[in-house]
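Novice: Whatever this is, show me its structure:
(4 chains)
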There are 4 protein chains.
Amino acid sequence: MIKVLDHGEVRLIDYMGSDLQVSSAARVLEDVGRHRGEADIKLIKYMWNNGHTSPFEHVVFTFYVKAPIFVIRQWQRHRTWSYNEFSARYKEVPDCWYVPDPSHIGVQSLKNHQSRIISADGELLDYHASEVINQACESAFRYYDELLTNGVPREIARGVLPVNTYTEMWATVNLNNLFKFLTLRMDEHAQFEIREYANALLELIKPVVPNSVEAYLNS
Amino acid sequence: MIKVLDHGEVRLIDYMGSDLQVSSAARVLEDVGRHRGEADIKLIKYMWNNGHTSPFEHVVFTFYVKAPIFVIRQWQRHRTWSYNEFSARYKEVPDCWYVPDPSHIGVQSLKNHQSRIISADGELLDYHASEVINQACESAFRYYDELLTNGVPREIARGVLPVNTYTEMWATVNLNNLFKFLTLRMDEHAQFEIREYANALLELIKPVVPNSVEAYLNS
Amino acid sequence: MIKVLDHGEVRLIDYMGSDLQVSSAARVLEDVGRHRGEADIKLIKYMWNNGHTSPFEHVVFTFYVKAPIFVIRQWQRHRTWSYNEFSARYKEVPDCWYVPDPSHIGVQSLKNHQSRIISADGELLDYHASEVINQACESAFRYYDELLTNGVPREIARGVLPVNTYTEMWATVNLNNLFKFLTLRMDEHAQFEIREYANALLELIKPVVPNSVEAYLNS
Amino acid sequence: MIKVLDHGEVRLIDYMGSDLQVSSAARVLEDVGRHRGEADIKLIKYMWNNGHTSPFEHVVFTFYVKAPIFVIRQWQRHRTWSYNEFSARYKEVPDCWYVPDPSHIGVQSLKNHQSRIISADGELLDYHASEVINQACESAFRYYDELLTNGVPREIARGVLPVNTYTEMWATVNLNNLFKFLTLRMDEHAQFEIREYANALLELIKPVVPNSVEAYLNS
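Specialist: Okay, here's the model as predicted:
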């Protein structure tokens, strides 16, 4: 399990396969073959570098993810994953929300309209943004509680909750599509918060498929 | 264009195909064929009723949708659509949010944990829920404005916005997968709000593929 | 491993998950939960019967399949699987082809244009079809060998091979999409040969997810 | 319509959208916007070059394709298309097969195990390969006819037909996934025959989305 942001986390719940499964799939063996050492590694590299991505689809991971709604929204745009998310229709939402650390707020980028700049030397806004964000979320959850207390249905009451609210999901994906996700979500144009999750995913799968990950990172 | 909820809407931006295209695809003609009247209609019905859904994938629709974030979240779980959504990283979010009409708030269902019951005879909560929801959203947008005014990056400031906030998207889907969406989202277990959108979609496509829609509705 | 047709087979190479994983996914637990006996089984049934298919996507299977090309062609129309198939461009095709057993040839159905009728009482064509089919395939492979011997590239020479030729693949799919496959391919309108493979798949997964399979079969 | 190989062809049956639709989708306009000339073109280039591929999914094409089975087999591995193919279970297969032109047969590549080398200066095998291939296919079709004449069901009789047999399909795809197809199938490692089809597709869509195609080709 890896902690992400202030209250988030990613766990590897289950997985299927290995580097050997990738090379065996590429060879269409009758079963998972025996290790051939360098030959397997070379084959994995060759496959990835030449766009033969199908053998990487027989390795599959299931993650448990706890993340703010706005991160989940970016995540679920990836249509090759399988998702099961906490339902705010079914259950009351626990009061847990994301407050960005002051050192991660940064300033609006003027060059790239969609990004912010978090400078290494800690240039900070001269403004207590984190506190205000926390206040805003606290206030929203007070409204939420009031609505529930007064008998408003859960699926309606949750409408006032902010997109910083933490939610949970199971997310299953194969290695090929996970690599595609990482390429987009570890990119410097991706939002800082989802990059943190992407990095955590990479850490979790490295021990499972070290050669595939190396082939991916060096391509 | 069809108005949905208090500030939402659905527009049919573009489409490709027709009932005739469905029957021509089923026959794998060299081109869109000539109308054969009853024979086409019978073929369309036969195809749909026997699970031969592939001919319905050559008819494609693009919609413009304006809906609350929580509706869009349910919508985007459908992975066979193509989406382009408004980016709150790129642009300031217009202050527009969903306030459910008092007559649509209903009460929490005790039988089905995920639903609410909106009774026809207008049984209402003895509580001014709509006003409180409006207040909560207004308050959230005030926080949002304050954050932006003080130089907080857009992608961070939007974290305080509620899931009732309206967002916009382009959404493209083929007829087969649209029917699957309608089956799930016009169902009485779907949340009232997305049902309203599903109904609107059905109205918009009816004139384009009347025989396919009839086959679908009667299956 | 299960033998299918005259020279075909299906093996379960690997899998991930269990019935418990389905119910844990439905509950979005932080990890695979502890068995709750009847409660798990009831939840699985409820999920399947109400079209909540997403929890079934966290159980994944990898199969090795050896089947005639025409069966593989029907199979690969299912776009939610991951495939790695033997390449006739890369390797010489082994001389192995499907000859239907005389008792499975049947007669062309006149009612359903796409099917044949294999009567239980063994009504057979008064014609040695199996022998002729075997002869035809043998002849094709002789041409193939001649072309290869004379230096014709593999990817060109294979053009003369019949669609009865056996090929091999790895095929990975999640449980939800496997059920959808079975529904279409165990159906009496599906061709006899692919039905045999569908039945074999069902046998292989039954011990892995007995409750899910029961929920599926009784729905 | 473009002729491909000896008896194949590709037709653009229908399409939806334009370059303007791509840029309007990127902007999430309420409708297809007005042309902005250079601004649209710049936006299209920016989108493609930065991996923002979603706006290209609202442009959709339907093609009629006539091609040898082995080409269709490679084609249908692409899982983002919608296909409707001629059914040899339903109808008798017309006697039409692919015979490669002597100048396109080339020799087996020894460096790349999966390819052949077709040299520009027309180095040919000293062997009448085309004639032998034609003979082999003719012989297969004679067997096919004999089987049908003797009452063997169509779905069984077709088992003797070679993968050079021409088949037909409708194939629908959006522009983003068409570009991904072209990248793989116009590549020099793709088999000559499918490259011919990929080139034809590119010619057919160029007049529809000239700026998107230019952005794609220059990326």
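
Novice: What are the buried residues along the helix ranked longest in chain A?
Specialist: Ranked by number of residues, the top helix in chain A under DSSP state H is helix A:129-149. Within helix A:129-149, the residues that qualify as buried by neighbour count (16 or more other Cβ atoms under 10 Å in any protein chain shown) are A:129-130, A:132-134, A:136-137, A:139-141, A:143-144, A:146-148. (Each C-beta comes from the backbone N, C-alpha and C, glycine too.)

Novice: Likewise for stretch A:41-61?
Specialist: Buried, per 16+ other Cβ under 10 Å, within stretch A:41-61: A:41, A:43-45, A:47-48, A:53-61.

Novice: circling back to that earlier point, is the helix or strand that the longest helix of chain A is followed by anywhere near chain B?
Specialist: The element immediately downstream of helix A:129-149 (helix or strand, assigned by DSSP states H and E) is helix A:154-157. Yes: applying Cβ under 8 Å from any Cβ of the partner chain, one finds helix A:154-157 touching chain B at A:154-156.

Novice: Outside of helix A:154-157 itself, which residues are in contact with it?
Specialist: The contact list for helix A:154-157 (Cβ atoms under 8 Å, 6 or more residues apart in numbering or on different chains) reads A:88-92, A:144, A:147-148, B:100, B:105-106, B:108, B:114-116, B:129, B:133, B:191.

Novice: before we move on, back to that, show me the one in the residues of helix A:154-157 next to chain B that has more neighbours than the rest.
Specialist: In terms of neighbour count, A:Ile156 stands highest of the residues of helix A:154-157 next to chain B at 28 neighbours, by other Cβ atoms under 10 Å in any protein chain shown.

Novice: Look up how far chain C lies from the residue most central in space within chain A.
Specialist: Residue closest to the average C-alpha location in chain A (Cα atoms, centre = their mean): A:Tyr197, at 4.1 Å. Distance of A:Tyr197 to chain C, computed by Cβ to the nearest Cβ, to the nearest Å: 16 Å.

Novice: Can you give me every residue that contacts A:Gly8?
Specialist: Contact analysis of A:Gly8 by Cβ under 8 Å, 6+ apart lists A:65-68, A:71, A:98, A:166, A:196-197.

Novice: Let me know the pLDDT of the residue of chain A positioned farthest from its centre.
Specialist: Most distant residue from the mean C-alpha position of chain A: A:Asn150, 35.7 Å away (Cα atoms, centre = their mean). We have a pLDDT of 95 for A:Asn150.

Novice: what's the nearest residue to it if we skip its chain neighbours?
Specialist: Closest residue in space to A:Asn150, ignoring its immediate chain neighbours: B:Tyr127 at 4.3 Å, by Cβ to Cβ, 6 or more residues apart in numbering or on different chains.

Novice: centre of the chain versus stretch A:70-84, how much separation?
Specialist: Remark: stretch A:70-84 is offset 8 Å from the chain centroid, using Cα atoms, centre = their mean, to the nearest Å.

Novice: which outside residues touch that stretch?
Specialist: A:8, A:65, A:67, A:85, A:163-164, A:167, A:169-174, A:177, A:180-181, A:185, A:190-191, A:193-194, A:197, B:69, B:73, B:76-77, B:79-80, B:83, B:158-159, C:25-26, C:28, C:54-55, C:57-58, C:174, C:176.

Novice: How many residues are close by A:Phe86?
Specialist: With other Cβ under 10 Å as criterion, A:Phe86 counts 17.

Novice: now swap in A:Tyr216 and tell me
Specialist: A:Tyr216, neighbours per other Cβ under 10 Å, totals 22.

Novice: Just put the contacts of A:Gly8 in JSON lines and tack on secondary structure, distance to B:Gln21 and pLDDT.
Specialist: Shown next, in JSON lines, are these (DSSP: H, G, I helix; E, B strand; the rest coil; distance: Cβ to Cβ, whole Å; pLDDT from 0 to 100):
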{"residue": "A:Val65", "secondary structure": "strand", "distance to B:Gln21": "41", "pLDDT": "98"}
{"residue": "A:Lys66", "secondary structure": "strand", "distance to B:Gln21": "46", "pLDDT": "98"}
{"residue": "A:Ala67", "secondary structure": "strand", "distance to B:Gln21": "42", "pLDDT": "98"}
{"residue": "A:Pro68", "secondary structure": "strand", "distance to B:Gln21": "43", "pLDDT": "98"}
{"residue": "A:Val71", "secondary structure": "helix", "distance to B:Gln21": "40", "pLDDT": "98"}
{"residue": "A:Tyr98", "secondary structure": "coil", "distance to B:Gln21": "47", "pLDDT": "98"}
{"residue": "A:Tyr166", "secondary structure": "strand", "distance to B:Gln21": "46", "pLDDT": "98"}
{"residue": "A:Glu196", "secondary structure": "helix", "distance to B:Gln21": "47", "pLDDT": "98"}
{"residue": "A:Tyr197", "secondary structure": "helix", "distance to B:Gln21": "42", "pLDDT": "98"}
